[in-house]
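Q: Sequence first, predicted model second:
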Amino acid sequence: FDGNIVAGQENFNSIWQAAFEQSVGHVPISASSASSSAFEGLQSLAMALGGSQGCAELSTWTTGAPGGRGYAQAAELRSEMFTKGVDAPLAAEAAKAALQPLVDGGPTDPFGIANA
């Protein structure tokens, strides 16, 4: 944040294992299905639609929170970022939580994110 490192290197394999594999049955169906349909992610990134649309959310966001809380935690973090702004403690909290956008891989992921 602001040129400073706010978190260590994270192992996303461990993070996603706790958030999704070990929490199977707790992840909201609506959130995981939205991720696998997140506006043809590859194509929208290639056309830079995310940067030119101020009113459209082209991806879903999640964190590494276990027990199916990742999508809710991501919404809380993003809400705080957009309403209060981002400072170093919030940036560190987002990094520690492994806040990440998810988009559909389209032709690169014919099975969809929800099946991963």
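A: That came through, no problem.

Q: make it CA atoms for all contacts and neighbour counts henceforth
A: Will do.

Q: Pull the residues that contact stretch 3-22.
A: 27, 63-70, 88, 91-92, 95-96, 98 (C-alpha atoms under 8 Å, 6 or more residues apart in numbering).

Q: 7 Å instead, please
A: 27, 64, 65, 66, 67, 68, 70, 91, 92, 95, 96 (C-alpha atoms under 7 Å, 6 or more residues apart in numbering).

Q: Would you map the strands across this structure?
A: 60-62, 100-102 (DSSP state E).

Q: from the ones you listed, which stretch is densest packed?
A: strand 60-62 (a mean of 23; mean count of other C-alpha atoms under 10 Å).

Q: who does that one touch, helix- and strand-wise?
A: helix 70-84, strand 100-102 (3 or more C-alpha pairs under 7 Å, 6 or more residues apart in numbering; DSSP states H and E).

Q: quick one: average pLDDT of that strand?
A: Here strand 60-62 scores 88 as its mean pLDDT.

Q: per-residue pLDDT, residue 31?
A: Taking residue 31 on its own, its pLDDT is 80.

Q: With distance to residue 82 as added columns, please give the strands of the chain in TSV.
A: TSV is the format used below for the strands of the chain (distance: least, C-alpha to C-alpha, whole Å):
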stretch	distance to residue 82
strand 60-62	14
strand 100-102	15
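
Q: how about these, which one is nearest residue 76?
A: Among those, the nearest to residue 76 by C-alpha to C-alpha is strand 60-62 (10.2 Å).

Q: Can you name the residues that contact residue 34?
A: Residue 34 neighbours (C-alpha under 7 Å, 6+ apart): residue 60.

Q: picking that back up, looking at the contacts of stretch 3-22, which are in helices?
A: Per DSSP state H, helices hold the following members of the contacts of stretch 3-22: 70, 91, 92, 95, 96.
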